[in-house]
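Chemist: Below is the sequence, then the predicted model.
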Amino acid sequence: VYRFLVSSSQITHGKVRISRIIFRHKREDEEIARPEDFITIHESDESSDVLKDEHWFLYVLDKDYAYFVLLPKEISHYNIINYPFMFTPVFEQAIKVAEMPLDDFIEWSKEIENKKKTPNTVLFTNTARCASTLFGSMLQHEEKSVVFAEPHVLAQLSGGQSEGLWRDEELEKLVPASIRAIRKNIPSDQICIIKTTSSEIKLVPYTKLMHDVKYIFMFRRNAVDSVEKSTYRSLGNYAHKMVSVYLTLYKFSPSWYNWIFGVMSFSEGWLFRMLDPKDIKEWAFIVWIAPYLSYRKFENQFCYPIVWHHELIKNTEMVLKGVFKSISEPGHGELNEDCILKALERLKVDSQGGTFLSQEVLKSVPITPYTDEAKKRLKKFVEKIAVPTNITGFDF
């Protein structure tokens, strides 16, 4: 509203534009964050120092600005135990929006860490439907660690990388800047764990100069049907018909599709273009396997071998001990054996209970059968991307 009235988008260096939210809208709860989510009216231009406050959180980026939102509670409140998907309260509870020019944002993110010790930081990447939310909840321990579950700014950057919206040289600046902004209010004697959606593993190479960041990756064998259920739920009751429409639109014009629907649906666009899926099961296969393919490219950057879903469920304590040791630094964020009993308690509850991916919601969602044609096409996919059967779990 302010920009329209004054016909200007200029923000003075060192300042941020603060606007109050008067209307918000998303088509779906999990829709990727965009600046257009809010209609705002200008309040003031203030020093960028205001964003150091622990109530401001990085929401999203575009080609010109970084957008922060003002939240009613301290950012550590929005951890994975309270909110399995933090993008929901960050959107619903936002009070104001602050805009900062992108170049200023990169510079600001460095300045806020110049005179303080940064927290031990972990980028927790994963495939879809692998119990990553459960595992993330096991890593959350009061006054020892804070786990942020799926901040959308990283998902947006990952989708943009896949679709060519961001150049490599831009991502080498924006990904570290975003991580610095996310962890800005976490004490240096705690671990800041950023649990991502299934696509952000592609961002790992852009953080190689951040020597205080560690990486872990979680995967689940033969999870195509589970991913299909979550995909079906996202697309609605006409999912099987809508998938072909979406795939056709995307194939016709990826840029047009992304402008209308956002980049989240095809955040693995490179693999969609390679395999050319035809139905919802093939869509689910790509969403499931793509993170593993990325992991293989730069697994040497990870501090722990793959956290396997089946091992977490069957040998929970062993996995927890190994991961705790790998991500801890004495005096600089440490999870010790005292945390294990509390972590084991998380097995007793649905970590996504009350959300759009709860066990209750997904149990009635149908899946398509493995017809002879479906098996034939999936087998060709596996051969084309050279994934061994012990990873896929397929027996055809």
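Modeler: Nice, I can see it.
Chemist: What is the longest helix of this structure by residue count?
Modeler: In the chain, with assignment by DSSP state H, the single longest helix is helix 280-297.
Chemist: Just name whatever secondary elements that one is in contact with.
Modeler: The elements that helix 280-297 packs onto, with contact taken as 3 or more C-beta pairs under 8 Å, 6 or more residues apart in numbering; DSSP states H and E, are strand 120-126, strand 213-219, helix 224-235, helix 239-252, helix 269-275, helix 372-385. (Glycine included, C-beta is placed from N, CA and C.)
Chemist: Run a quick neighbour tally on Asp64.
Modeler: 13 (other C-beta atoms under 10 Å).
Chemist: got it, and Ile41?
Modeler: The burial count for Ile41: 12, using other C-beta under 10 Å.
Chemist: Can you name the residues bridging to it?
Modeler: For Ile41, the beta-bridge assignment (DSSP bridges) gives partners Arg20.
Chemist: please renumber so the chain begins at 38
Modeler: Yep, numbering from 38; the last one is Ile78 now.
Chemist: in terms of contact, does it touch Ile55 like I think?
Modeler: No. Judged on C-beta atoms under 8 Å, Ile78 makes no contact with Ile55 at a distance of 10.5 Å.
Chemist: Across the sheet, point out what pairs with Phe254.
Modeler: Each beta-bridge partner of Phe254 is listed here: Thr162, as defined by DSSP bridges.
Chemist: Okay, it and Glu67: tell me how far apart.
Modeler: 22 Å (C-beta to C-beta, to the nearest Å).
Chemist: same thing with Arg333?
Modeler: Noted for Arg333: a distance of 27 Å to Glu67, by C-beta to C-beta.
Chemist: Give me the more crowded residue out of those two.
Modeler: Neighbours were tallied for Arg333 and for Glu67 using other C-beta under 10 Å; the higher tally belongs to Glu67 (20 against 11).
Chemist: helix, strand or coil for that one?
Modeler: Using DSSP: H, G, I helix; E, B strand; the rest coil, the three-state assignment for Glu67 comes out as coil.
Chemist: I'd guessed it sits against Phe124; true?
Modeler: Yes. Taking C-beta under 8 Å as the contact criterion, Glu67 and Phe124 are neighbours in contact, 7.2 Å apart.
Chemist: which ones are touching Glu265?
Modeler: Residues in contact with Glu265, defined by C-beta atoms under 8 Å, 6 or more residues apart in numbering, are Ile317, Lys318, Trp320, Ala321, Ile404, Thr405.
Chemist: Mind pulling the model confidence for it?
Modeler: Looking at Glu265, its pLDDT stands at 89.
Chemist: Excluding chain neighbours, what is closest to it?
Modeler: In this structure, Glu265 finds its nearest non-sequential neighbour in Ala321, 3.9 Å apart by C-beta to C-beta, 6 or more residues apart in numbering.
Chemist: Which stretches in the stretch 88-237 of the chain count as helices?
Modeler: Across the stretch 88-237 of the chain, reading from the start of the chain, the helices by DSSP state H, counting those that start in this stretch fall at 124-129, 139-148, 169-175, 189-199, 205-219.
Chemist: Can I get those helices in a markdown table including distance to His277 and mean neighbour count?
Modeler: As requested, the helices of the stretch 88-237 of the chain are exported to a markdown table (distance: least, C-beta to C-beta, whole Å; neighbours: other C-beta atoms under 10 Å):
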| stretch | distance to His277 | mean neighbour count |
| --- | --- | --- |
| helix 124-129 | 27 | 19 |
| helix 139-148 | 40 | 18 |
| helix 169-175 | 26 | 25 |
| helix 189-199 | 24 | 25 |
| helix 205-219 | 35 | 20 |
